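# turn this into a model:
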Amino acid sequence: MAFGLFIINVSIVYGAFLLSYLIRYGREIPPESYAPFQDSRLFLLGIMIASLTYAGVFRRRFRSYWLLFQKIAFGLVLGTACGFIFMYLLRDKWARFPSSVFLFNFALSIIALFAVNSVILRLKGKIQKRVVVLGNSPFYDPFQKKESLVHKEYIATIEELMNCHDMDEVMICQRIHDNPNLNLLVFLLLKLNVVVTFSPAIYAELISGKIEKSEFLALFSTFVGRKSDVEEFMIRVLDVMVSLGILILLAPVLVLIAIVIKCTSPGPVIYQQQRVGKDRKLFTLYKFRTMYENNEHADGYKPAASDDDRITPVGCFLRTTRLDELPQLINVLGGQMSLVGPRPENVTRVNMHKALRGLRLAVKPGLTGLAQVRSYYDLNPGHKIKYDYLYIQRKSFMLNLYILYKTIFVVLGRKGQ
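Here you go, the predicted structure:
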């Protein structure tokens, strides 16, 4: 099947080039514009097919249609870019090759390749997620509505994971209380590099704190909180688009804030601090400075209160309007943060409190979160953590949109941060 699919893909790409010329010129294609394609068609086809192969379009199996689309899109982007470069380097010979043909070919190829490959691979059973279920939960089957697209393999012990190959996801439906088994499970999951989900009963145990004392809970942050490729992609697009839009729209405001901070108190405009991100990775967080210079170093680590005398008059306004958080949009664009998520924690606090490790670091920290739109700034820290755990469990594109929408009213109402 692999060779047959390869030939079909070659034919589709070649046909897309020909159709692109017809779209560009109609039936009367100028010979001087078509000649460069005639001379270079084998090389162009080679570039496109090599790019698709490199992207993984001809792999044996795909866990989802979305993954197939991603591979095709990446391969065509790479092939089109290489084609442009190739034509530019040899512009003396093929200067009249129309650039628009590349763009038409990209659009036609991505539609045709995805449609044809989806049908063929689906008929051959090559689009299927492979899930290993550890234990058995008779009350919950998350795959019952899409049984034909999921192959499930049930195992009874953690040791059996060592014999499982070519899997996409491990679902844990078995309570694990002893450290040796938990240690082995974490080791195998890291080695296998697969998505991990928990049945509701197990997840409830995790977030309720029944196994919070385990030293291995922090390692589960590598697995918990992962969502589907589509969800993660949409959330990332939302992060980038909204962050860029806000930075462009509020650029004059940002400049004005920087000038006011500089003129009203000595010290840098931007405050920088090491924070703990997803999977305990450290990153530098950016905020507008709202405290008098060197106050944190003088007093040691001390969380800010609403009536904190270390806060400047300008800083008080910035905090209550959340304008001090705007530089963190740079962190969002850099991928260290998301627009929505648990607030990024200070390294000292994370080291001091076990509740701030583990599951809370399963997702990227955010500019705003469920705790921030459901409560005031001085809410009990324990309640904030519960909101954070609830968000991790329910994280989705639509939930992020809802939280961003509610954040607008929190900011306008000046209800703290």
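# which sections of the stretch 51-200 of the chain are below the confidence cut-off?
By pLDDT under 70, the weakly predicted segments of the stretch 51-200 of the chain are 91-95, 136-148, 175-183, 186-187, 189-191, 193, 198-200.
# which residue ranges form the strands in it?
129-135, 150-155, 169-173, 195-198 (DSSP state E, counting those that start in this stretch).
# redo these as TSV? Include distance to Met87 and mean neighbour count.
Every C-beta, even on glycine, is put in place using the N, C-alpha and C of the backbone. Shown next, in TSV, are the strands of the stretch 51-200 of the chain (distance: least, Cβ to Cβ, whole Å; neighbours: other Cβ atoms under 10 Å):
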stretch	distance to Met87	mean neighbour count
strand 129-135	40	20
strand 150-155	44	15
strand 169-173	43	21
strand 195-198	41	19
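# could you dump the ones you listed to CSV with distance to Gly79?
Formatted as CSV, the strands of the stretch 51-200 of the chain follow (distance: least, Cβ to Cβ, whole Å):
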stretch, distance to Gly79
strand 129-135, 28
strand 150-155, 32
strand 169-173, 31
strand 195-198, 29
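# Phe97 is nearest to which of those?
strand 129-135 (41.9 Å; Cβ to Cβ).
# just how off-centre is that closest one within its chain?
Strand 129-135 has its C-alpha centroid displaced from the chain centroid by 23 Å (Cα atoms, centre = their mean, to the nearest Å).
# and that strand, what does it pack onto?
Where contact means 3 or more Cβ pairs under 8 Å, 6 or more residues apart in numbering; DSSP states H and E, strand 129-135 is packed against strand 150-155, strand 169-173.
# pLDDT value on Asp239, please?
pLDDT for Asp239: 93.
# just the element for it, please.
helix 229-249 (DSSP states H and E).
# let's have the helices and strands packed on strand 129-135 in a markdown table, adding distance to Ile7.
A markdown table is the format used below for the helices and strands packed on strand 129-135 (distance: least, Cβ to Cβ, whole Å):
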| stretch | distance to Ile7 |
| --- | --- |
| strand 150-155 | 28 |
| strand 169-173 | 33 |
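# and these: which comes nearest Leu188?
Comparison of the helices and strands packed on strand 129-135 against Leu188 by Cβ to Cβ identifies strand 169-173 as nearest, at 8.5 Å.
# among the strands of the stretch 51-200 of the chain, which is nearest Tyr286?
Nearest of those to Tyr286, taken as Cβ to Cβ: strand 195-198 at 31.5 Å.
# tell me the strands beside that closest one, with direction?
Sheet neighbours of strand 195-198, with direction, are listed as strand 169-173 (parallel) (DSSP bridges).
# quick one: the strand it pairs with to strand 129-135, angle?
Angle of strand 169-173 versus strand 129-135, following axes from the mean of the first three to the mean of the last three Cα atoms, to 10 degrees, is 20 degrees.
# so strand 169-173 versus strand 150-155, what angle?
Going by the same axes, to 10 degrees, strand 169-173 makes 50 degrees with strand 150-155.
# now for Val194, how many residues are close by?
Here the number of neighbours of Val194 (other Cβ atoms under 10 Å) works out to 19.
# 798 is where my numbering starts, stick with that
Taking 798 as the first residue, the last one we looked at is Val991.
# from what I can see it touches Met964, true?
Yes. Using Cβ atoms under 8 Å, Val991 is in contact with Met964, at 5.7 Å.
# domains of the protein?
Domain ranges of the chain: 799-920, 926-1021, 1027-1209, per automatic domain parsing.
# end to end, how far does the longest one reach?
Its start and end residues considered, domain 1027-1209 measures 32 Å (Cα to Cα, to the nearest Å).
# for stretch 1189-1199, same thing?
One end of stretch 1189-1199 sits 15 Å from the other (Cα to Cα).
# ok, now stretch 1170-1185?
So stretch 1170-1185: terminal residues 12 Å apart, Cα to Cα.
# one step back: quick one: closest of the helices and strands packed on strand 926-932 to Ala878.
Nearest of these (Cβ to Cβ): strand 966-970, 32.9 Å.
# quick one: that closest one to chain centroid distance?
21 Å.
# now the strands for the stretch 1098-1214 of the chain?
Counting by DSSP E, counting those that start in this stretch, the stretch 1098-1214 of the chain has strands at residues 1135-1137, 1142-1143, 1163-1165.
# so which of the ones you listed is nearest Ile1108?
Per Cβ to Cβ, nearest to Ile1108 of the strands of the stretch 1098-1214 of the chain: strand 1142-1143, 16.7 Å.
# who are the packing partners of the closest one?
So strand 1142-1143, by 3+ Cβ pairs under 8 Å, 6+ apart, packs with strand 1067-1073.
# what are the buried residues along the strand it packs on?
Buried residues in strand 1067-1073, defined by neighbour count with 16 or more other Cβ atoms under 10 Å: 1068, 1072-1073.
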